[in-house]
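J.: okay, here's the prediction I keep looking at, along with the sequence it came from:
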Amino acid sequence: MGLLSNRIDKSSLKAGDHIYSWRTAYIYAHHGIYVGDNTVVHFTRHGQEVGTGTVLDLLLVSSGPARSHVPCATCTPSSRDGHGVQSSCLDCFLAGGVLYRFEYGVNPTLFIAKARGGTCSLAVPDPDEEAVRRANHLLRNGFGCYNVFKNNCEDFAIYCKTGLLAVGQSGQAVSIIGGPLAAVLSTPMRLVTTNIYGMAITAVGVYCASRYAADIGVRRDAVKVSVEDLTGQLSTSVSFHAAVEPTVPALPPTS
């Protein structure tokens, strides 16, 4: 893995790879699982991967020029209502963008050195064939309702690779809001220093700490969930959050 870029050539792809391509002026990336045969399984919000239902939509969509890529006849998005997991050819997934591979099992030093979130994880991946199996199972059964901060395309791909789920923000969601948040949290440091460089270092430290804490590989609330159990919970209209929350045994009655 390169320190500054995870860019790869199409010829180096293998089934089970977690891949991504940047959208909207490199503010947000769309993630998916390459399952072989020039096919990618990915989780979408009807092509609005940055959609949040808030004013953030306007910021993200207006931050870069709209893409003119037209899906091929084979990969025309499903017309069904709601959100869902889709299968596309690699070119349609990239939509004219550059191909990158998400890296797993990186050491903490390299993780922190990667200034941008949503490009690597400390988590150890499962075998590639298991990632493909999960992706294809979710293609048939769904992955719940899309939410850019709590259940997005990155969460989908990371789950396929690791089988881990957690309730909270994904790596790139932290990257989007982490900078402003770090600036806010570093403001109290003005009480102890007026040095602009010291404040900048503090803000960077807060941002890196938030990225590290949000990574699925170190989160204490991350749980291993089989894909069959996950889709079984979702099919009974149980919320995504309920599906990933561990069951807490009831306390015995007190006399």
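T.: Yep, that arrived. Residues are numbered from 1 along each chain as shown.

J.: okay, now the unreliable bits of the chain?
T.: For the chain, applying pLDDT under 70 flags the ranges 1-4, 46-71, 74, 76-83, 115, 167-207, 237-255.

J.: can we see that at 50?
T.: 47, 49-55, 58-66, 79, 81-82, 171, 173-187, 189, 191, 247-250 (pLDDT under 50).

J.: which parts of it are strands?
T.: Using DSSP state E, the strands found in the chain span residues 18-23, 28-36, 39-44, 84-89, 100-101, 164-165, 223-224.

J.: now distance to K114 and mean neighbour count too, for those strands, in a markdown table please.
T.: For glycine as for every other residue, the C-beta is placed from the backbone atoms N, C-alpha and C. Below are those laid out as a markdown table (distance: least, CB to CB, whole Å; neighbours: other CB atoms under 10 Å):
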| stretch | distance to K114 | mean neighbour count |
| --- | --- | --- |
| strand 18-23 | 13 | 22 |
| strand 28-36 | 13 | 25 |
| strand 39-44 | 22 | 24 |
| strand 84-89 | 27 | 20 |
| strand 100-101 | 12 | 19 |
| strand 164-165 | 20 | 22 |
| strand 223-224 | 25 | 13 |
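
J.: so which of these comes closest to V124?
T.: strand 164-165 (9.9 Å; CB to CB).

J.: can you list the strands that that closest one pairs with?
T.: strand 223-224 (antiparallel) (DSSP bridges).

J.: picking that back up, dump the strands of the chain to JSON lines, plus distance to F156.
T.: Below are the strands of the chain laid out as JSON lines (distance: least, CB to CB, whole Å):
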{"stretch": "strand 18-23", "distance to F156": "10"}
{"stretch": "strand 28-36", "distance to F156": "7"}
{"stretch": "strand 39-44", "distance to F156": "4"}
{"stretch": "strand 84-89", "distance to F156": "7"}
{"stretch": "strand 100-101", "distance to F156": "16"}
{"stretch": "strand 164-165", "distance to F156": "10"}
{"stretch": "strand 223-224", "distance to F156": "16"}
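
J.: looking at those strands, which is closest to A209?
T.: It is, among the strands of the chain and with distance given as CB to CB, strand 164-165, at 20.6 Å.

J.: can you show me the helices along the stretch 51-200 of the chain?
T.: For the stretch 51-200 of the chain, helices defined by DSSP state H, counting those that start in this stretch occupy the ranges 56-61, 90-94, 108-113, 128-141, 153-162, 171-186, 196-214.

J.: so what's the closest residue in space to G32 that isn't next to it in sequence bridging to?
T.: Spatial nearest neighbour of G32, chain neighbours left out: H42 (3.1 Å); criterion: CB to CB, 6 or more residues apart in numbering. As for beta bridges, H42 partners with G32, Q86 under DSSP bridges.

J.: let's have the chain start at 363 instead
T.: Understood, numbering begins at 363; the last thing we discussed is H404.

J.: how near is H404 to A475?
T.: From H404 across to A475, the span is 27 Å (CB to CB, to the nearest Å).

J.: before we move on, what about F511?
T.: 25 Å.

J.: CA atoms of stretch 475-483 as PDB?
T.: Extracted in PDB, the C-alpha atoms of stretch 475-483 (Å, rounded to 0.1, in the frame of the first residue of the first chain):
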ATOM      1  CA  ALA A 475      -0.100   8.600   8.500                       C
ATOM      2  CA  LYS A 476      -3.000   8.200   6.000                       C
ATOM      3  CA  ALA A 477      -4.400  11.700   6.500                       C
ATOM      4  CA  ARG A 478      -7.700  10.800   4.700                       C
ATOM      5  CA  GLY A 479     -10.200   8.500   6.400                       C
ATOM      6  CA  GLY A 480     -12.100   5.800   4.500                       C
ATOM      7  CA  THR A 481      -9.000   4.300   2.700                       C
ATOM      8  CA  CYS A 482      -7.700   1.700   5.100                       C
ATOM      9  CA  SER A 483      -8.400  -0.100   8.400                       C
END
